[in-house]
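Engineer: Build me a model from this:
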Amino acid sequence: MLQTLPTASSLWNPSRRGACLEIMEFQRSQLSSLSQCPLYLKFETKWVRKDRALLSGTFPYACQSPRHSPGGKKPGIYPQNVDLPPVLPKKKKKPYPIPFKEIQKAARKDKKLAERGIEKPLQPPKNGLLVPDLIPVAYEVLDAWKVLIKGLAQLLHVIPVYGCSDCSEVHVAHTGHNIQDCKGPNSSKRHGLHSWVRGSINDILIPIESYHLYDPFGQRIKHDTRFEYDRIPAVVELCIQAGVDIPEYPSRRRTQPIRMLGKKVIDRGGYVEEPKPWRSVDPSSSSIVDLDTCGAFGRFLPPPPEDVPIIAQETMNAHEIVRAGVTKLMRKYTIKACGYCSEVHVGPWGHNAKLCGEFKHQWRDGKHGWQDATVAEVFPPNYVWHVQDPKGPPLRGALKRFYGKAPAVVEVCMQAGAIIPNRYKPMMRLDVIVPESEETNLVA
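Structural biologist: Next up is the predicted model:
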């Protein structure tokens, strides 16, 4: 976008063989309008006519270039359709979220500092201290987590959900679909068809649990001592380590940072005796019941029909708050995930419990292959087929390429009357018209 700058005064009039130099003066309003985009000057030589004479001069121009978002996409604009999420093979390790070369580079840097006797520079929360700016975020995520569990438990009384008894497939509709993609051990007897049973809230909101640690920088959990620690949702444990205080799950709050030399912790402030677990208290009379999905369907009654869209919208908003908050917290707080199974551990390093039973676990003696976790591993979306008509005929495998997918929570809330964010619509393929079975051969 080129525009000629307004001239306030001219110090030198152009001659026949000279350059036309001009001094520009901007008003405050003009500068504020140009400050939204990067501004740079461009000089261009032109021939202009003045009093029947043809003169040559060099004229300056201001070039405004609008700011582009990373990746070349405009902010808030999403593509029409996107591909469905890929299914990672189970006989292969998950890819590293951080490139392996960068991990090696950081390890070599720490090793050089340790060889020179220089302590590793640590910033909160890597040094055991809290980040004050993230404490309100943690409380917001925990409150939205409670609203999410309550909303889904109420919506499941109205929106039917089915799950396959032989695999992890979930379908949100009045009947199960007929797509032959079951990978269960007995799927060959049914020719790939799913064995549908009534689903629960754990089919929509996958329970990802983690060990609760009073001191994440203390002693590691061993295989023989794993039963001495409580298992709670990973989102709740992340909020506790980020600053949320729950009486049933206490956490150590340091006032002095820890010190590390390479990979060795040289000063952690000593070991502190952990308080007794909450098992001595009746869990049904405690506030921690609202933090878990266990028994949530029976704790809440079916909502009135006129309140279903309101509950669905509140649940959708809570889902977005939890997802955005977990993403923000994971930028600072370390969470480890196994590269072979779904185990997650909230803390600077993983535990030593030998519970991995996935690919080549015999070679690792059941130990987990810890690596940095992603948001999808801590708060999994659990994609399901999007059904345009929940009360219509079941989905068919012949029309599989015309169907879209969406996270299970989004699909439940949408069928209940909620307005979903625009970023989920490209994968749902809302603009694709599903043809009839006899028209599939005529579609390009």
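
Engineer: Which strands and helices lie in contact with the lengthiest helix in the chain?
Structural biologist: When the chain is parsed with DSSP state H, its longest helix is helix 308-330. Helix 308-330 sits against helix 135-155, helix 234-241, helix 375-378, helix 408-415, with contacts defined as 3 or more Cβ pairs under 8 Å, 6 or more residues apart in numbering; DSSP states H and E. (Glycine included, C-beta is placed from N, CA and C.)

Engineer: Export these to a markdown table and append columns for mean neighbour count and distance to Ile310.
Structural biologist: As requested, those are exported to a markdown table (neighbours: other Cβ atoms under 10 Å; distance: least, Cβ to Cβ, whole Å):
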| stretch | mean neighbour count | distance to Ile310 |
| --- | --- | --- |
| helix 135-155 | 21 | 10 |
| helix 234-241 | 25 | 24 |
| helix 375-378 | 19 | 28 |
| helix 408-415 | 25 | 11 |
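
Engineer: Just put those helices in CSV and tack on distance to Pro79 and mean pLDDT.
Structural biologist: Putting the helices and strands packed on helix 308-330 into CSV (distance: least, Cβ to Cβ, whole Å; pLDDT from 0 to 100) gives the following:
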stretch, distance to Pro79, mean pLDDT
helix 135-155, 28, 95
helix 234-241, 30, 95
helix 375-378, 20, 94
helix 408-415, 18, 95
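
Engineer: Of those, which is nearest Thr334?
Structural biologist: With Cβ to Cβ, the closest approach to Thr334 among these belongs to helix 234-241: 9.4 Å.

Engineer: Touching that closest one from outside, list them.
Structural biologist: Residues from elsewhere that reach helix 234-241 (Cβ atoms under 8 Å, 6 or more residues apart in numbering): 125, 138-139, 141-142, 145, 208-213, 216, 246, 249, 251, 291, 322, 326, 329-330, 333, 335, 344, 346-347, 378-379.

Engineer: residue nearest the centroid of this structure?
Structural biologist: In the chain, the residue lying closest to the centroid (Cα atoms, centre = their mean) is Val375, at 4.1 Å.

Engineer: how close does that residue get to Pro97?
Structural biologist: 10 Å (Cβ to Cβ, to the nearest Å).

Engineer: The longest helix of the chain vs helix 408-415, what angle?
Structural biologist: 150 degrees (axes from the mean of the first three to the mean of the last three Cα atoms, to 10 degrees).

Engineer: Check the secondary structure at Asn81 for me.
Structural biologist: With DSSP: H, G, I helix; E, B strand; the rest coil as the basis, Asn81 sits in coil.

Engineer: Number the residues from 22 up from this point.
Structural biologist: Fine by me, first position is 22 from now on; the one you just mentioned is Asn102.

Engineer: what's it in contact with, if anything?
Structural biologist: With contacts defined as Cβ under 8 Å, 6+ apart, Asn102 is in contact with Gly425, Pro447, Met448, Arg450, Asp452, Val453.

Engineer: cutoff 10 Å now
Structural biologist: Gly425, Lys446, Pro447, Met448, Met449, Arg450, Leu451, Asp452, Val453 (Cβ atoms under 10 Å, 6 or more residues apart in numbering).
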